[in-house]
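Prediction below, plus the sequence it came from.
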Amino acid sequence: MSIQRDLGVALQLLLPHQLLSRIVYYAMRWTFRPWKRLVIAALTRAYQIDLADALNEDPESYPSFNAFFTRALKPAARPIDDQGGLVLPADGCISQIGRISDGRIVQAKGMDYSVAELLGGSEADAAAFAGGGFATVYLSPRDYHRVHAPFGGRLRRAIHVPGRLFSVAPWTTESIPRLFARNERLALLFDTEHGPLAVVLVGAIFVSSIETVFDGEVTPPYADKIRVREYMGTNAPKFIVGAELGRFNMGSTVIVLTGAKFPAWAGELAADCKVRMGQRMSARHEKSIRELEV
């Protein structure tokens, strides 16, 4: 198993990540009926996808595989536990969860990386999360692939950081150092009533297409330098807890960072814990905070 893992890591280091991801990007949007029917059926069987929660339960009606993959859910499918505190931003599995220590985040046993490099190298942005918490949620192909606001707030900054596109499956996160700080990603920084909050959408191989509800498709095209967009005044999107932020056009990872004034993570959450969007993520505040006051 170790030899297979080493070979897999070596192969990923050599693969042309962006080229492969671009090929998959177009293949997954091909509307040729036999093709999209074949891919949807294969994924549904391989990952035992249950469409009972889907707003549209008929796989034949989706125009492409990507439309199926990013399908919306019925309004009651993911109730938002918003009685104070944060909620999970996505379906998936907790990879790691804990407190930020000396400005660093745990990736896997024996491996970590810095908040600053995750956020594109900004020490000032990273300093806002000193003493706060982090939670990493891995989305597998069977999961719902839209990402939602874990807490109410106003978007202040979006940082698109270009990079590699390694797989984010558990075996690679345990093998490739600083993986989340090396992959392409979009960091969304929010101001909330309880301090700073970040939601980082991390791309992966075959998963380099990230969209937001406020700016549309962010990647591709692929960039060669960090792009920062500031949101101020009426230009700053405002979200209530549970509101949709964006989506992955295949599976990937979401990392949530909180400032020191947010409460501790819910005691039942731990590494390898399966979670659903809207599930309570932290201890409760004294009152429910649905959105940032104007």
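Everything's here; your move. What you are looking at is a predicted structure, and each value in this text was computed from that prediction instead of being measured. Residues are numbered from 1 along each chain as shown.

quick one: low-confidence parts of the protein?
1-17, 207-208, 220-223, 251, 284-294 (pLDDT under 70).

looking at the sheet around the residue nearest the centre of it, what are its partners?
Central residue of the chain (CA atoms, centre = their mean): V254, 2.4 Å from the mean position. Note on V254: beta-bridge partners by DSSP bridges are V137, L201.

Return the residues in contact with Y144.
53, 71, 73, 78, 90-91, 277 (CB atoms under 8 Å, 6 or more residues apart in numbering). Using the backbone N, CA and C atoms, a C-beta is placed for each residue, glycine as well.

Please, which helix or strand holds W35?
Secondary-structure assignment from DSSP states H and E places W35 in helix 33-47.

And A127, how close does it get to A187?
15 Å (CB to CB, to the nearest Å).

circling back: report the buried residues of the helix holding W35.
36, 39-40, 43 (16 or more other CB atoms under 10 Å).

all helices of the protein, in order?
For the chain, helices defined by DSSP state H occupy the ranges 2-14, 17-27, 33-47, 65-69, 115-118, 123-127, 170-173, 179-182.

looking at the ones you listed, which is closest to T258?
helix 115-118 (11.3 Å; CB to CB).

From the structure, what's the count of residues near the residue nearest to I176 when sequence neighbours are not counted?
Leaving aside its sequence neighbours, I176 sits nearest to F166 (CB to CB, 6 or more residues apart in numbering; 5.6 Å). By other CB atoms under 10 Å, 24 other residues sit near F166.

try V106
19.

if we can go back for a sec, show me which of A127 and A187 is the more surrounded one.
A187 (23 against 12).

doesn't L197 make contact with that one?
No: counting by CB atoms under 8 Å, A187 does not reach L197; the two are 11.2 Å apart.

Top of the contacts of Y144 by number of neighbours, please.
A90 (28 neighbours).

List the contacts of that residue.
137, 139, 143-148, 254, 277.

let's see it at 10 Å
Contacts here follow CB atoms under 10 Å, 6 or more residues apart in numbering; on that basis A90 touches 78, 137-139, 143-148, 150, 199, 201, 245, 247-248, 252-254, 256, 275-278.

hmm, back to that, check contacts around the residue nearest to the centre of the chain.
By CB under 10 Å, 6+ apart, the neighbours of V254 are 88-90, 92, 95, 135-139, 147-148, 150, 199-202, 245-246, 248, 277.

one more time with 7 Å, if that's ok
By CB atoms under 7 Å, 6 or more residues apart in numbering, the residues touching V254 are 89-90, 137, 147, 199-201.

now do A198
129, 187-189, 257.

Which members of the residues you listed are the farthest-apart pair?
F129 and L188 (13.4 Å).

How much space separates the nearest residue to A41 once chain neighbours are set aside from F69?
Distance criterion CB to CB, 6+ apart; nearest residue to A41, sequence neighbours excluded, is P59 at 7.4 Å. Distance of P59 to F69, computed by CB to CB: 11 Å.

Kindly report the same for K36.
From K36 to F69 the distance is 11 Å (CB to CB).

Check E230 too.
31 Å.

Neighbour count for those two, which is higher?
F69 (21 against 11).

Now do the contacts for that one.
Contact partners of F69, counting by CB under 7 Å, 6+ apart, are 145, 249-250.
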